[in-house]
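Participant: Let's see this in three dimensions:
(chains A, B, C and D)
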2 protein chains.
Amino acid sequence: MARARIKNRIRELREASEMTQSQLAKLSGCTRQTIIMLEQERYVPSLSLAFAIADALNSPIEDVFEPE
Amino acid sequence: MARARIKNRIRELREASEMTQSQLAKLSGCTRQTIIMLEQERYVPSLSLAFAIADALNSPIEDVFEPE
DNA sequence: TCAATAAGTAAGAAATACTTGACATTTCGT
DNA sequence: ACGAAATGTCAAGTATTTCTTACTTATTGA
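Facilitator: Numbering: from 1, shown residues only, chains lettered A, B, ... in the order given. Here you go, the predicted model:
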């Protein structure tokens, strides 16, 4: 559908919380590869993963993700 | 990964805005089928579609979607 | 210098989201 | 009662996300 890109502050918020990629992956129930891909903005996550990550980062979705 | 279900208020908000499924589909850049599936909570949308729909409904994401 | 930890790359498989098209059913105005 | 508009169902195919596995590189500490 060629939908809009979405930027995220995962790395920024993760480092602010002093978490490793592995820790965030575990907390949000995905793999480390997925976190890497997301931090590099190689794809847009599903909404449920977005919620899980926002939760793990103690931030509302809109703080973590932003459409360009 | 067996991620959490997510409830949504798409139908409720769409009807409050007096929009048909087709109109919402067009506005948010997806098909009518997709809107039907989402209203029936048959699957969880991608984050970008979620943003597009929330936008079309003039509501923040957290108002439209909620993890169970 | 060695081992362990953190981050990155890549490729294929599996799962899920999304589209297309065709047809059925309900609702509603005239 | 009729036709049109809105909603729903089904199935098949495409696109995208996510996982798995395996290997690389850099950093740090004992």
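Participant: so does whichever strand or helix holds A:D63 get close to chain B?
Facilitator: According to DSSP states H and E, A:D63 maps onto helix A:61-64. Yes: Helix A:61-64 is in contact with chain B by C-beta under 8 Å from any C-beta of the partner chain, via A:I61, A:E62. Any C-beta I mention is one placed from the backbone N, CA and C, and that applies to glycine too.
Participant: Does A:I53 touch A:L24 like I think?
Facilitator: Yes: between A:I53 and A:L24 there is a contact at 7.3 Å, judged by C-beta atoms under 8 Å.
Participant: Now do the helices in chain A.
Facilitator: A:10-16, A:21-28, A:32-39, A:47-56, A:61-64 (DSSP state H).
Participant: tally of neighbours for the nearest residue to A:P45 once chain neighbours are set aside?
Facilitator: In space, and not counting its chain neighbours, A:P45 is closest to B:L47: 5.5 Å by C-beta to C-beta, 6 or more residues apart in numbering or on different chains. Look at B:L47: counted by other C-beta atoms under 10 Å in any protein chain shown, it has 26 neighbours.
Participant: Please list the residues of chain A that sit near DNA strand D.
Facilitator: A:1-2, A:29-31, A:33-34, A:37-38, A:43-46, A:48-49 (C-beta under 7 Å from any atom of the strand).
Participant: mind checking pLDDT for A:R5?
Facilitator: According to the prediction, A:R5 has pLDDT 79.
Participant: from what I can see it touches A:R42, true?
Facilitator: No: if you go by C-beta under 8 Å, A:R5 and A:R42 don't touch, sitting 11.0 Å apart.
Participant: Just the CA trace of stretch A:18-37, in CSV.
Facilitator: The C-alpha trace of stretch A:18-37 is given here as CSV (Å, rounded to 0.1, in the frame of the first residue of the first chain):
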residue,chain,number,x,y,z
GLU,A,18,20.2,2.0,30.2
MET,A,19,18.8,-1.1,28.5
THR,A,20,20.6,-3.4,26.0
GLN,A,21,18.8,-4.5,22.8
SER,A,22,18.5,-7.9,24.3
GLN,A,23,16.8,-6.7,27.4
LEU,A,24,14.4,-4.6,25.5
ALA,A,25,13.7,-7.5,23.2
LYS,A,26,12.9,-9.8,26.1
LEU,A,27,10.8,-7.2,27.9
SER,A,28,8.7,-6.5,24.8
GLY,A,29,8.5,-10.1,23.7
CYS,A,30,10.4,-10.0,20.5
THR,A,31,13.9,-10.9,19.3
ARG,A,32,17.0,-8.9,19.3
GLN,A,33,17.0,-8.8,15.5
THR,A,34,13.6,-7.2,15.5
ILE,A,35,14.9,-4.5,17.8
ILE,A,36,17.9,-3.9,15.6
MET,A,37,15.6,-3.7,12.5
